[in-house]
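Student: Provided below for reference: sequence and predicted model.
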Amino acid sequence: MAYAGSDRAGGAGLTPLTIKILIAGGFGVGKTTLVGSLTEIRPLRTEEPLSERGSGLDRLDGVERKATTTLFGTPGQERFWFMWDELSRGALGAVVLADTRRLADCFPSVDYFERRGIPFVVGVNCFEGARRYRSESVRAALDLDPGIPIVMCDARQRPSCRDALIALVEHALHVLRARAAEEAEGDRALTP
């Protein structure tokens with residue numbers, strides 16, 4: 001929980017702030033697992049069995065054992081992308097989870113946040129048995145701008161997930177400060 005408050009000693013007068021952060025990425029990349037690792041309360045579970053209807057639509061390459069899909073959050077399947085505009089409204093930013101075994105699956109998420117100017121970081125979910133890559137290799141493969149942070153993480157480990165969120169918040173603050181400075185500079189340029 002984030003807090004805003006006064007300068008009083010001891011934190012008196014602090015008011016809780018709600019910060020909306022999206023967890024995005026391809027189908028089966030670990031989004032639900034990451035959220036479950038971070039929460040202090042039992043998370044809302046909206047897992048539903050994969051249906052035969054979706055079998056022709058949802059690629060299971062690399063996640064053949066996945067039997068459910070989440071109906072809450074930023075769904076990884078292309079057929080649900082229409083929901084992203086509503087979900088992203090008011091968000092501070094996003095963690096885009098990537099699976100190096102299926103790196104192309106996170107391209108739509110990266111593209112979405114880049115096009116809308118929403119700050120994001122890429123969290124490379126280090127699955128057991130998956131080949132490890134240096135962040136520079138992932139950056140090149142995803143064609144990311146140099147300023148986009150890449151964080152190696154394990155969606156099952158709370159400290160690792162926390163570090164990804166911290167990287168996102170720090171990056172988002174940097175982006176917001178830079179935008180504010182640009183706007184102030186533009187305003188000064190317009191002032192006679």
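Tutor: In hand now; what should we look at? Predicted model, so just to flag it, every value in this text is computed and none were measured.
Student: Return the distance of residue 178 relative to residue 146.
Tutor: 14 Å (C-beta to C-beta, to the nearest Å). Any C-beta I mention is one placed from the backbone N, CA and C, and that applies to glycine too.
Student: neighbour-wise, which of the two wins?
Tutor: residue 178 (11 against 5; other C-beta atoms under 10 Å).
Student: Go ahead and list the helix or strand containing that one.
Tutor: helix 158-190 (DSSP states H and E).
Student: Against which helices or strands is that helix packed?
Tutor: On a contact count with 3 or more C-beta pairs under 8 Å, 6 or more residues apart in numbering; DSSP states H and E, helix 158-190 meets strand 21-25, helix 31-38, strand 93-98, strand 120-125, strand 150-153.
Student: shaky segments in this protein?
Tutor: Residues of the chain meeting the criterion pLDDT under 70: 1-13, 43-81.
Student: rerun at 90
Tutor: 1-19, 26-28, 31-33, 35-36, 39-88, 127-131, 183-192 (pLDDT under 90).
Student: From residue 96, how far off is the residue nearest to residue 152 when sequence neighbours are not counted?
Tutor: Spatial nearest neighbour of residue 152, excluding adjacent residues (C-beta to C-beta, 6 or more residues apart in numbering): residue 124 at 5.1 Å. Between residue 124 and residue 96 the distance is 10 Å, computed by C-beta to C-beta.
Student: Spell out for me which residue occupies the centre of this structure.
Tutor: Against the mean C-alpha coordinate of the chain, by C-alpha atoms, centre = their mean, the closest residue is residue 95 at 1.7 Å.
Student: Surely the residue nearest to residue 152 and residue 135 touch.
Tutor: Yes - if you go by C-beta atoms under 8 Å, residue 124 and residue 135 touch, sitting 7.5 Å apart.
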